[in-house]
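In: predicted model follows, preceded by the sequence.
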Amino acid sequence: MGAITHSPLSLLIVQMVVIIGAARLIGRGAKWMGQPLVIAEVLAGILLGPSLLGWLAPEALSTLFPASSMPVLTMLSQVGLILFMFLIGLELDPRMLKGRGQASLVISHTSIVVPFGLGAVAAFWLYPRLSDSSVPFSSFLLFMGVAMSITAFPVLARILSERGLVRSRVGMITLTCAAVDDVTAWCLLAFIASIVRATDLRDAAYTTAFALLYIGFMLGVLRPFLQRLGARVADRQGLNQNVVALTLLLLLGSAWITEQIGIHALFGAFLFGAIIPKEGGLAEALAEKLEDVAVVLLLPLFFAYSGLRTEIGLLSGASDWAICGLIILLACAGKFGGSTLAARFTGLRWREAGALGILMNTRGLMELIVLNLGLDLGVISPKLFTMMVIMALFTTFMTTPLLRWIYPPEELARDQVPLAPAVVPASPVPFTVLMCVSHGQAGIGMVTLGRALTGMPNEPFQLFALHLERPTGRISAHRRREQEPSGGDALAPLLGRASTLGLEVRPLSFVSVEPEVDICRTAEAKQAHLILLGLHKPLFSRTMLGGTVHKVMQEANADVAVLVDRGLKEVRRVLVPFIGSAHDWAALSLARRLLRSVGAELSVLHVTTPGHGQSEPNARAAVETLFSGESRRVHFKAVAHDSPEDAALEEAKQGYDLVVVGVGSEWGLEEGLFGLQRERLIGDAPTSLLVVRHPHSAHAPERAGKPGTAPALPADGAV
């Protein structure tokens, strides 16, 4: 490790690897706890600083982050912040502020005034204890007021999106209030920075005058130019490298001018992002170009930089921790209390008002930016900086669990703003299939199979296509979900194929932190008879029926079928390998539906153990009972084989369109979270495969699993 210090570039690369790796590793735990990624990134920065690494292994800290390397790390983190503040400006859409009524105005102003007042009052008590006479009290008081007033708009937007609250009344009002809060707080902070940096009143007046002139230039001259530019960039294909280069030059120029004026480069970046038109796709395209580099590569360096400046060891006694607790209490009382009471005063129910107050109390990354700015300006001491960082972490960490408690799903359903009129199910109850589509190409085979399953004469049916997006933390993804609430590109191939087949499919799409839970909830809400899943090869495990597929199979109350699509175009010849388990009978029931819907030809391969062929007549009789009246299109074939899996693979080579098989160890198909055994039937079958699991097999009568014994047959219309 010592040799690395001889090369500044090598050291920087190692620092970046350690910082990004630690942030992502801790992020896995944060995700499991339902916390936003920013929590993990802040914690990673603190753990790599003197608070933990410096305490456990001071030599490692000095080797990994020597003082000589800090200027480079600092400058890179500042570049990342400039890009990030530009992205925050892109995310703020002025259209959110229109038509939200008096309630948003009252709540947003209250959520600034009350915490600002409490912060200012606290400054009288904190100043003699945590500051010194070199810091003007007026600057300290104003900074504490603003620091208490911050709401983390980007973290808040992602929490709302992940919780499905964006379209609710609470979500809409909260987003509006947070946007107003951010703009107001950053304007106040710019004013404070100009006062702190000015040497006298004349300098402060010049700084304020130049700042106002620059804002006027940005709004009156540059914004119309950007609107014309946005009109030419109608989509992502129109955003060429020249446009990106011009945007970056204007961004850096704006940041440089505000730095020279005497406020801060961050304000120039934020203002430039805010004036870019949100119509026409320019803002979204720019975000997609820049955000991964800014958020994944450069922003964690800022967290590490903040962590290196956070020394929890400075809080040495009970009195220090008592002050820290008081700061947290004041922060929550001002932001949560003020927002909640204001929301209740404007007519929201207590649960809605409480949820809004919890969300507005989220501080996250924006608070860290403000605190670092205060530390750089010398307004706050390292000890107060550490206390405020702990406050930011605490208020962000508490948001998700408190929101889940005070605003459960049933409350959300009550207040949700509907996107379309509710669908009244037909009578009799239609056969319903929920097709879960993760990416565009996965849906084509599903809709082909869905058409084959729902063609029974005089039977009503419903087909739903569900696309769940995992939270990415990307600004462009959040904006795209608002513009395309019905699945966008992921469901387009499926819907296009359905249109050519003359099939009506209802699209559903939302963000999901727990996809297996939301799939099961959606299936229950839509009264689905069948949940149809696609298949993905896992990254580490060898089992194909693991992860989300396994969890849905375990939790769903409907039959679950996993489609292994190998170019399914039609369903004419179907093979069902059969031993007699409950899953095998569910597979036969689906095959019966295919036979009745599209007139498919069905082959049932009954596999017995050599020397135990006496079960074959019973199995044949049970199958004939199931397919009574349709036996001419059903071919029963019995074979004795030591390996049912090999027998099924051999028969599958005979030119079938689809193999429908029940999950089970006898076929080498055991669903599980992890697995080291390769599922040969899935991997080696030459044709499309449908793996079926019956939901109540664990509770089914014992006879259901005995070869040749049929369980109770499902009624017509059900699987």
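Out: Cool, got the structure. Residues are numbered from 1 along each chain as shown.
In: give me the below-cutoff pLDDT ranges for the stretch 1-150 of the chain.
Out: Counting by pLDDT under 70, the stretch 1-150 of the chain shows low-confidence ranges at 1-6, 93-102.
In: and the helices in it?
Out: In the stretch 1-150 of the chain, helices defined by DSSP state H, counting those that start in this stretch lie at 8-32, 37-47, 53-56, 58-64, 70-91, 101-130, 137-149, listed in chain order.
In: closest one to G662 among the ones you listed?
Out: With distances scored as C-beta to C-beta, the stretch of the helices of the stretch 1-150 of the chain nearest to G662 is helix 8-32 (32.4 Å). Every residue, glycine included, has its C-beta placed from N, CA and C.
In: packing partners of that closest one?
Out: In this structure, helix 8-32 packs against helix 37-47, helix 58-64, helix 70-91, helix 299-309, with contacts taken as 3 or more C-beta pairs under 8 Å, 6 or more residues apart in numbering; DSSP states H and E.
In: name the next helix or strand following the lowest-mean-pLDDT helix or strand in the chain along the chain.
Out: Taking all helices and strands of the chain together, the one with the lowest average confidence (mean pLDDT, DSSP states H and E) is helix 475-483, at a mean of 51. Tracing the chain C-terminally past helix 475-483 and defining elements by DSSP states H and E, one meets helix 492-500 next.
In: which parts of that following helix are buried?
Out: Taking 16 or more other C-beta atoms under 10 Å as the basis for neighbour counts, the residues of helix 492-500 that come out buried are 493-495, 497-498.
In: what does that helix contact?
Out: Contacts of helix 492-500 from elsewhere in the structure, counted by C-beta atoms under 8 Å, 6 or more residues apart in numbering, are 435, 437, 440-441, 443-444, 446-448, 451, 463, 465, 504-505, 507.
In: can you say which of these are buried?
Out: If we count by 16+ other C-beta under 10 Å, the contacts of helix 492-500 have these buried: 435, 437, 440, 443-444, 446-448, 451, 463, 465, 505, 507.
In: which of the residues you listed fall in strands?
Out: When DSSP state E defines the strands, the subset of those inside them is 435, 463, 465, 507.
In: hmm, the last one is touching A490, no?
Out: The reference is to P507. No. Shown here, P507 and A490 do not form a contact pair, counting by C-beta atoms under 8 Å, at 9.4 Å.
In: what sits in contact with each of those two?
Out: H467.
In: quick check: which ranges of the stretch 401-550 of the chain have low pLDDT?
Out: For the stretch 401-550 of the chain, the stretches with pLDDT under 70 are 409-428, 440, 471-489, 536-544.
In: hmm, try it at 80
Out: The stretch 401-550 of the chain contains residues with pLDDT under 80 at 408-429, 438-443, 455-458, 469-490, 510-514, 535-547.
In: helices of that one, start to end?
Out: 409-415, 442-453, 475-483, 492-500, 515-525, 547-555.
In: list the contacts for the spatially closest residue to L365 that is not a sequence neighbour?
Out: With sequence-adjacent residues excluded and distances taken as C-beta to C-beta, 6 or more residues apart in numbering, L365 is closest to V38, at 5.1 Å. For V38, the set of contacting residues under the criterion of C-beta under 8 Å, 6+ apart consists of 152, 155, 364-365, 396.
In: could you do A123 as well?
Out: For A123, the residues meeting the contact criterion (C-beta under 8 Å, 6+ apart) are 137, 140-141, 144-145.
In: mind running it again at 7 Å?
Out: Residues in contact with A123, defined by C-beta atoms under 7 Å, 6 or more residues apart in numbering, are 140-141, 144.
In: could you tell me which ranges of the stretch 251-400 of the chain sit under the pLDDT cut-off?
Out: Applying pLDDT under 80 to the predicted model, the residue ranges of the stretch 251-400 of the chain that meet it are 263, 278-281, 284, 364-365.
In: do that again at 70, thanks
Out: Under the criterion pLDDT under 70, the flagged ranges of the stretch 251-400 of the chain are 280.
In: how about stretch 109-121: buried residues?
Out: By neighbour count with 16+ other C-beta under 10 Å, stretch 109-121 contains the buried residues 109-116, 118-120.
In: also stretch 328-347?
Out: Neighbour counts using 16+ other C-beta under 10 Å place 328, 330-332, 334-340, 342-344, 346 of stretch 328-347 among the buried residues.
In: out of those, list just those in helices.
Out: Cross-referencing the buried residues of stretch 328-347 against helices under DSSP state H gives 328, 330-332, 338-340, 342-344.
In: of these, which pair is most distant in space?
Out: Of all pairs drawn from those, the greatest distance, 23.0 Å, lies between I328 and R344 (C-beta to C-beta).
In: how close does L494 get to T522?
Out: When distance is defined by C-beta to C-beta, to the nearest Å, L494 is 16 Å away from T522.
In: start to end distance for stretch 639-650?
Out: In terms of C-alpha to C-alpha, to the nearest Å, the two terminal residues of stretch 639-650 are separated by 11 Å.
In: again, but for stretch 216-224
Out: Stretch 216-224 has an end-to-end distance of 12 Å (criterion: C-alpha to C-alpha).
In: contacts for it, please.
Out: 271, 275.
In: buried sites along it?
Out: Neighbour-count burial for stretch 216-224, counted by 16+ other C-beta under 10 Å, picks out 218, 222.
In: and if you look at stretch 588-605?
Out: Using 16+ other C-beta under 10 Å as the burial criterion, the residues of stretch 588-605 that qualify are 588-598, 600-605.
In: next one: it to chain centre, how far?
Out: The offset between the C-alpha centroid of stretch 588-605 and the centroid of the whole chain comes to 40 Å, using C-alpha atoms, centre = their mean, to the nearest Å.
In: so which strand or helix has V659?
Out: V659 is located in strand 658-662, with elements delineated by DSSP H and E.
In: report the contact partners of Q462.
Out: Contact criterion C-beta under 7 Å, 6+ apart gives 430, 432 as the residues in contact with Q462.
In: surely D642 and P610 touch.
Out: Yes. With contact defined as C-beta atoms under 7 Å, D642 counts as touching P610 (6.5 Å).
In: list phi and psi for M387.
Out: When quoted as degrees, to the nearest 10, the phi and psi of M387 stand at phi -60, psi -40.
In: use 43 as the first number from now on
Out: Shifting the count to begin at 43 puts that one at M429.
In: separation between the closest residue to it other than its chain neighbours and V59?
Out: Take M429 and drop its neighbours on the chain: the residue closest to it by C-beta to C-beta, 6+ apart is C366, 4.4 Å away. Per C-beta to C-beta, C366 is found 33 Å from V59.
In: and L572, by the same measure?
Out: The spacing between L572 and V59, counted by C-beta to C-beta, is 46 Å.
In: so between those two, which is more surrounded?
Out: Set L572 next to V59 and count neighbours by other C-beta atoms under 10 Å: L572 wins out with 25 against 10.
In: surely that one touches F473?
Out: No. In this structure, L572 is not within contact of F473 by C-beta under 7 Å, at 8.1 Å.
In: quick one, helices of the stretch 193-342 of the chain?
Out: Here the stretch 193-342 of the chain has its helices, by DSSP H, counting those that start in this stretch, at 195-204, 211-239, 243-259, 265-274, 283-303, 307-317, 324-334, 341-351.
In: would you mind telling me which of those helices is nearest G609?
Out: Evaluated with C-beta to C-beta, the helices of the stretch 193-342 of the chain place helix 324-334 nearest to G609, the distance being 31.7 Å.
In: what angle sits between the closest one and helix 307-317?
Out: Taking axes from the mean of the first three to the mean of the last three C-alpha atoms, to 10 degrees, one finds helix 324-334 and helix 307-317 inclined to each other by 140 degrees.
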